[in-house]
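**Student:** after the sequence you'll find the predicted model.
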Amino acid sequence: MTTPLRVAHYINQFFAGIGGEEQAGVGVSFRDGAVGPGRALATAFGDAATVVGTIVCGDNFAAEQPDDAQRAIASHLGDVQPDVLVAGPAFASGRYGLACAHACLTATRLGVPAVTAMHRDNPGATSFRKSVLIVPTGESAMSMPAALEHVTRLATKLGRREPLNPAEVEGYLPQGNRRVWDRGRPGWERALDMLLAKLHGRPFVTEVPYNAPEKVEPARPIADLTRAKIAMITTGGLVRKGNPDRQVSANATRYHRHSVRDLEQLTPEGWEAFHAGYFNHIVNRNPNYILPLSFLRDLEKHGRIGGVHEYMYALPGVSTPVAVATGLGQAIARDLSTAGVDGCLLVAT
Amino acid sequence: MSERAGMRLTLGTFPVTSIVFGARTSYDGGRLTVDKTAALAAVREDARIVEADLEIATPGESVRIWPVRDVIEPRVKIDGPGVCYPGMCGRDITTVGRGRTHRLAGMGVVEVSSVNWHDSGGDFVETYLDMSGHYGEMYPYAKLQLLCLVVEPDRELGDEARNDAVHKAALAVSDHVAAATRELSPPSTEVFELGAVDPSLPRVVYIWGVHSPQAMSGSPTAFGTATYGLTRLTPAWLLHPNEILDGALTGPYRTAFAMSWTVANNPLLMDLYRRHGRDWNFLGVIALRTEWTTQHEKQLIANQTAKLAAMLGADGAVVTWDAGGNEFIEVIRTIRECEGLGIKTVFLTSEDDATDGAPTMLEPLPEADAIVSTSFFRNRTLGVAPVPPVARVIGLPTKAMNDDLRAGVGAGYERLVPVSGTLPPPWRYDDHYGFNSLSCIE
C-alpha cells in the first residue's frame, strides 16, 4: 500500500465555524487536522490521503490584505510541507472563490500542486480557470458530496504527481489548453450518436464547449476631426503592383507599411490586391475601394480632417489565427500611437 | 412518407482491388483492366485537350500525385433517368436518383492538372496526395486504387473553359471505366429509398454546407462544388439523398476532403441514410451554399434554410460544411436559427487555432451546444511533419512555394521546388465529413 498523501486544506471563516459576514475580516490561522468540511474531505480521501492541517482565512481579509494573507498562507504551507492543497469548495460565494484561487496560486508558486472547487460562474472561476485547477460544483453546499468526491480524485492524482487527462475527461474547468486528441471513433459516428442523444434528451458532451470571444472596448469618439490625424489600415491584402514585398495571400504573420506621403490617390498602376478570400479584381481596377486615399485627401484639403498619416498598413485578413492577429493588431496600434495618430479608417473585405 | 417521386435506387457495388492497363477495358473479380488508348481517345474527343496521359497509383506505393484537383468515383446509370454526375460540364440535368446505378468502389479517377480554379487572388490548387507515409494515411485516398489522368488543356483558353475541359476529361475517364460494369451483375447491391417509417421516430435533415466559388472568383459559373453543375450562390437546395448517390452534388473545392469522391462516399450521409426507419425518419439533404458576401445575406440565408427545415417538419439536423473563414457565419447562424425553431442540431466541424485560449469557432454561439470536432484544420496546428521524398511523381515535377514553406499558401513570388523531395503538407487538412477519429480536447 502506498503512503497516504499529506493534504493541506484551505477554508474560510464561515466553514471553519468562526462566523459569517461579521467575522470575514479575521486573519490567517492554522489548525492541525481537518476542520468543518475537511472532515468530509478526509472521509472522501479514505486511505489515499490524510488532511494534515487546515488553513483558515476570513474572506474580507483575503480580499483586502492580499499580500499579508498570501504571505501567511505560504508560511503555513512551508511548515506543513503538504503533497497537495485543496481549497474550498466555495460554491457560488464570490469572495471565497477568489480567495481559494489565490491560495491555489500561492501553493503552486511554492511547488505544491493545488485544486479548488466552485461554481463555474464564480468570479474565482471566471477569472482564474486558466491558471488554477477548478472542479465545477453546484451553487450551494447541497452539492458538497459530489464536489468532494471529484476534488479528492484530482487531488490524489496531483499529490502523486500523476499527469492529468484533459479537462473534458477529468471534469475540471477547461483551461484554454486545447490540443489534438484522437477520440478513437470517426467523427461521423460520434456526430450521429450525439444527434440521437440530443433528439431523445439524453446527456451528451459537446466536443467544443462555448468559448465566448474577447470583448474589445471601442476607443472614445474623436472630438474634433478637423485636428485629427487619420491613418488607413486594411486587411484586404493591398500590395504594391507586382507584390515586390512578397506579401502572402493568406495566413499573414506580418503586416506591411507603405508611405502615402507623396500620393494623392491609389492607382491601379501602382497598387493591387493579393488576398485569397475575395474577388481581387475589384481592387485591381480601383485600389481606392480598399483604402480611399483619394477621398481622405479631399477631406484633408477642405479642412474636414487634420491630416492623413504618412503610412498605411496592409495585410491579407485570411485565416489568420486569433493569437497572431492580436499580436499584429497590437503592433500596428503601438506604431500609430507613437506617431500621434488620432484615428484610423479600418477597411475590411 | 410515401415515395411519390419514386425515388428508389439500387446501388450495385463493384470493388476494385487492382487496376492494370490492357487491351480492353473490363472488370473481372476486382481487377479493372483499362484500355489506355480507348480511354485517352474519349478524353481527346474534346478538342480543347492538348495533353493527356493515364497513370496508376496503388496503396502503399512511394508515389506522389500533384496537382490534385479532384478524385472521382466512377459511377454509371444502368437503369432510370439521367446520368451520373448530372449537369457537370454540360451533362444532362434530368433529375437523378431512381433506377439502378453501378459504382466502382475502392478506386478513384484523379484529375491531375496545372489548371488553377480562377485568376482572382491567391486561391491556388494546393492538394497533393501520397499513397504511403504519415501524410498519405491522413486521407482516404491512400487506401484506393487510383487511376490518374494527367491532363492539360489549350493554354490560350480562359480559366473557366480550362476548368471545364479538364474536369470533363476526368469525367470521360470515369464514364469509360464505369461502363465496363454495364453488362455485369454487381457482387453486392443495396437498395436506397426513404420509405414510410414509424411516425413516432424523430424527423431529421442533413444540412450540408457547400462552398460556392462565385464571390471569390467574381463569376457565377466558376468551377467548384456544384448542384447539378451549378456553382453559383443560390438559396438552399432540397435534395433527395439518392440524387447525391448519383452525383448531383459533386465537384471539388480547395481541400483534399472536399472532392467528388468524399462527397459521394460521405460516411455521415451513408449512415444517416441507413439508419432511416430505425433511429429516425430521414427527410432529406438541404444543400446550403456558402460564402455569401454580406452579413445581411448570410443572415437571410440562415433564416431561410432553418425555415425550410422547419417546414419539412424536422426535429433535428446534422450540419457539416466544407470551407473555411467567412462561410462559417451562414453555417453557425443557420444552427442558431434552427435551434430557435426547436430543431435540435449537431455540428460537425474542424477548429481554428486555439493559441492563447482563443475560441476555435470563428463566431462562437451558445446555441451551437452539440459540436463534434474533427480537430484543427491547419496541418501546422496539427503538427503534421514534413512529408518525406517519394520514388515517383505523377503529374508536375515542380511545385511553387512561398518563403514560409510550412504555410504553403500562395505563389505570389514563386519559387519552384521538386515535388519528389521533402514537402510541407498543404496548409489545410480539414476533415469535412468526419472520416477520421482525430479531434481536439481541452
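**Tutor:** Good, I have the coordinates.
**Student:** not counting its neighbours along the chain, what's nearest the one residue in the stretch 251-400 of chain B that gets nearest to chain A?
**Tutor:** Of all residues in the stretch 251-400 of chain B, B:Gly357 sits closest to chain A, at 2.8 Å by CB to the nearest CB. (Glycine included, C-beta is placed from N, CA and C.) Among residues not flanking B:Gly357 along the chain, A:Gly176 sits closest, at 2.8 Å (CB to CB, 6 or more residues apart in numbering or on different chains).
**Student:** residues contacting that neighbour?
**Tutor:** Going by CB atoms under 8 Å, 6 or more residues apart in numbering or on different chains, A:Gly176 touches A:129-130, A:211, B:354, B:356-357, B:442.
**Student:** what about residue 108, how many neighbours?
**Tutor:** Picking chain A for this. By the criterion of other CB atoms under 10 Å in any protein chain shown, A:Thr108 has 15 neighbours.
**Student:** please refer instead to chain B.
**Tutor:** Neighbour tally, B:Gly108, other CB under 10 Å: 31.
**Student:** now the residue nearest to it when sequence neighbours are not counted: phi and psi?
**Tutor:** In space, and not counting its chain neighbours, B:Gly108 is closest to B:Val71: 4.0 Å by CB to CB, 6+ apart. Per-residue torsions, B:Val71: phi -130, psi 130 (degrees, to the nearest 10).
**Student:** and B:Val71, what are its bridge partners?
**Tutor:** B:Val71 has these beta-bridge partners by DSSP bridges: B:Val110.
**Student:** let me know whether it touches B:Tyr141 as I believe.
**Tutor:** Yes. Taking CB atoms under 8 Å as the definition, B:Val71 is a contact partner of B:Tyr141 at 5.9 Å.
**Student:** compare those two (neighbour count), which wins?
**Tutor:** Taking neighbours as other CB under 10 Å, B:Val71 and B:Tyr141 compare with B:Val71 leading, 29 against 25.
**Student:** and for B:Val71 and B:Tyr141, which residues touch both?
**Tutor:** Taking CB under 8 Å, 6+ apart as the contact rule, B:Val71 and B:Tyr141 both touch B:108, B:110, B:129, B:261.
**Student:** ok, now how distant is the third one from chain A?
**Tutor:** B:Leu129 sits 20 Å away from chain A, taking CB to the nearest CB, to the nearest Å as the criterion.
**Student:** just give me the neighbour total for that residue.
**Tutor:** By other CB under 10 Å, neighbour count at B:Leu129 equals 28.
**Student:** just the pLDDT for it.
**Tutor:** Per-residue confidence (pLDDT) for B:Leu129: 98.
**Student:** find the nearest non-adjacent residue to it, please.
**Tutor:** Of all residues not flanking B:Leu129 in the chain, B:Ile65 sits nearest, at 4.6 Å (CB to CB, 6+ apart).
**Student:** elements contacting the helix or strand containing the one you found?
**Tutor:** B:Ile65 is part of strand B:63-66, with elements assigned from DSSP states H and E. When contacts are defined as 3 or more CB pairs under 8 Å, 6 or more residues apart in numbering or on different chains; DSSP states H and E, strand B:63-66 packs onto strand B:107-112, strand B:129-130, strand B:392-395.
**Student:** how far away from the center of its chain is the second one?
**Tutor:** Averaging C-alpha positions (CA atoms, centre = their mean, to the nearest Å) puts strand B:129-130 16 Å from its chain's average.
**Student:** go on, stretch A:211-222?
**Tutor:** Mean C-alpha position of stretch A:211-222 versus that of the full chain (CA atoms, centre = their mean) differs by 15 Å.
**Student:** check which residues of that stretch are buried.
**Tutor:** The neighbour-count check on stretch A:211-222 (16 or more other CB atoms under 10 Å in any protein chain shown) flags A:Asn211 as buried.
**Student:** again with stretch B:79-89
**Tutor:** Within stretch B:79-89, the residues that count as buried by 16+ other CB under 10 Å are B:80, B:82-89.
**Student:** among the residues you listed, which are in reach of chain A?
**Tutor:** Counting by CB under 8 Å from any CB of the partner chain, nothing from these sits close to chain A.
**Student:** report the two of those separated the most.
**Tutor:** B:Gly80 and B:Cys89 (21.1 Å; CB to CB).
**Student:** related to what we said a few turns ago, list the residues that contact the residue of the stretch 251-400 of chain B closest to chain A.
**Tutor:** Contacts for B:Gly357 (CB under 8 Å, 6+ apart) come out as A:130, A:175-178, A:211.
**Student:** looking at the residues you listed, spot the one nearest B:Val151.
**Tutor:** For those, the nearest to B:Val151 is A:Arg178 (41.7 Å; CB to CB).
**Student:** I am finished for the moment; much appreciated.
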